[in-house]
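[1] Give me a 3D structure for the following:
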Amino acid sequence: MSISSNLQLASDAIEDAKKRLNRAKDDVDDDYEIRQALKILDEASSYIRIATAELSK
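    Numbering: from 1, shown residues only. Prediction:
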């Protein structure tokens, strides 16, 4: 996958996580959204690591 694709996936994942955290903020008891946001942020981090590795090649 290209560097730009990995960075776009990371950006999309971060935006999705942000939306989930905003929904969770509205419902304090909604820990599902928080867990999902954390999972998505982990995926975004992975995409960024892949893109960084490609840049250093």
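[2] residue ranges of the helices in the chain, please?
    3-26, 31-55 (DSSP state H).
[3] Same list, these, but as JSON lines with mean neighbour count please.
    Using the backbone N, CA and C atoms, a C-beta is placed for each residue, glycine as well. Formatted as JSON lines, those follow (neighbours: other Cβ atoms under 10 Å):
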{"stretch": "helix 3-26", "mean neighbour count": "15"}
{"stretch": "helix 31-55", "mean neighbour count": "15"}
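[4] Serialize these to CSV and add fields for mean pLDDT.
    Below are these laid out as CSV (pLDDT from 0 to 100):
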stretch, mean pLDDT
helix 3-26, 87
helix 31-55, 87
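[5] so residue 21 touches residue 31, yeah?
    No - using Cβ atoms under 8 Å, residue 21 makes no contact with residue 31, being 11.6 Å away.
[6] From residue 27, how far out is the closest residue to residue 14 other than its chain neighbours?
    Distances taken as Cβ to Cβ, 6 or more residues apart in numbering place residue 44 nearest to residue 14, at 5.0 Å, with adjacent residues excluded. Noted for residue 44: a distance of 23 Å to residue 27, by Cβ to Cβ, to the nearest Å.
[7] same question, residue 12
    Residue 12 is 24 Å from residue 27, by Cβ to Cβ.
[8] for residue 20, same thing?
    11 Å.
[9] Same check on residue 42?
    Distance of residue 42 to residue 27, given as Cβ to Cβ: 22 Å.
[10] what's the answer for residue 16, then?
    In terms of Cβ to Cβ, residue 16 sits 17 Å off from residue 27.
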